[in-house]
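> let's see this in three dimensions:
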Amino acid sequence: MAPKLTGDPPVPELTGSPAPKQPGKNRLADPLPDHVSFDVGAKVHDLANAIRALKRAELPLGATLVVTAATGTMGTATVRLARHFGVSRLVLVGRSAERLHAVRPLAGDVHTDVVALEELPSDWAQEGGLTRALRTLVPQGADAVLDFVPEGPATSQALAALATGGSLVHMGANRSPLTLPMIAVMVNCWRVVGTRACTRTDAQEALTLLARGALDAEELITHRYPLAAAGEAVAAMRDRTEPIWMAVVNP
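The predicted structure follows:
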């Protein structure tokens, strides 16, 4: 059977278009393993983005990792991949306790705690409630934060929950300014890293994990739409009134 193909540029979030079934001559085309669906193939670059963020965190073995916006595409991909990067403990942050508990099983045997913003005091955004909640769970501080929050103070408050020498990797396009003074970053030797996408090597590593059966991403795709319902798919991704991890649109 001719291999399926996937390759650069990254597949947009809601395409899910089947890759060509015939091998091409493009040097940037990578074979999609026969047992991996086209839908998962369309999500390879989401998985690769999570791999890139995990690499940039430079995690020690046995790391404690905080993941913000843990119930979205990047959060769920990170949770699924965490054990491949030596993570021994996850702390998942999100708005909804119900949605966080639904994500929890994706971590497998990695010890996982959750912090739901809806369960914090109503003034958490102004009074550092997220930092306190994280410090209660991890008094010594987390080794890293992978931050996918698109807006608001959660980024700054998660940063303040790092251990000395810890790293915050941001891939959420948050426009809110950091509220911590740079002297805090200096004294605590924190690293703040921005990254926006994956490399081809990251995508190939995601494909290798899929090919070897070390990574199962099928259950991450919670929503599938026909092409005629593309507008509905976009609306669902924007308003997020229902739980949605990854979505694809099939022609």
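> would residue 213 count as being in a helix?
No - under the criterion used here (DSSP: H, G, I helix; E, B strand; the rest coil), residue 213 is coil, not part of a helix.
> if I look at the closest residue to residue 61 other than its chain neighbours, how far off is residue 143?
Leaving aside its chain neighbours, residue 61 sits nearest to residue 86 (4.2 Å; criterion: CB to CB, 6 or more residues apart in numbering). Any C-beta I mention is one placed from the backbone N, CA and C, and that applies to glycine too. Using CB to CB, to the nearest Å, residue 86 is found at 10 Å from residue 143.
> overlap in contacts, the two.
59, 60, 63 (CB atoms under 8 Å, 6 or more residues apart in numbering).
> write a PyMOL command that selects only the buried members of the residues you listed.
In PyMOL syntax, the buried subset of those is picked out as below (16 or more other CB atoms under 10 Å):
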select buried, resi 59+63
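> turn the shared contacts of residue 86 and residue 143 into TSV, columns for secondary structure, distance to residue 102 and pLDDT.
TSV is the format used below for the shared contacts of residue 86 and residue 143 (DSSP: H, G, I helix; E, B strand; the rest coil; distance: CB to CB, whole Å; pLDDT from 0 to 100):
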residue	secondary structure	distance to residue 102	pLDDT
59	coil	25	98
60	coil	29	96
63	strand	24	98
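> tell me which stretches of the stretch 151-251 of the chain form strands.
162-170, 191-194, 221-226, 246-250 (DSSP state E, counting those that start in this stretch).
> save those as a markdown table, and put in mean pLDDT and mean neighbour count too.
Putting these into a markdown table (pLDDT from 0 to 100; neighbours: other CB atoms under 10 Å) gives the following:
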| stretch | mean pLDDT | mean neighbour count |
| --- | --- | --- |
| strand 162-170 | 98 | 21 |
| strand 191-194 | 98 | 15 |
| strand 221-226 | 94 | 16 |
| strand 246-250 | 93 | 22 |
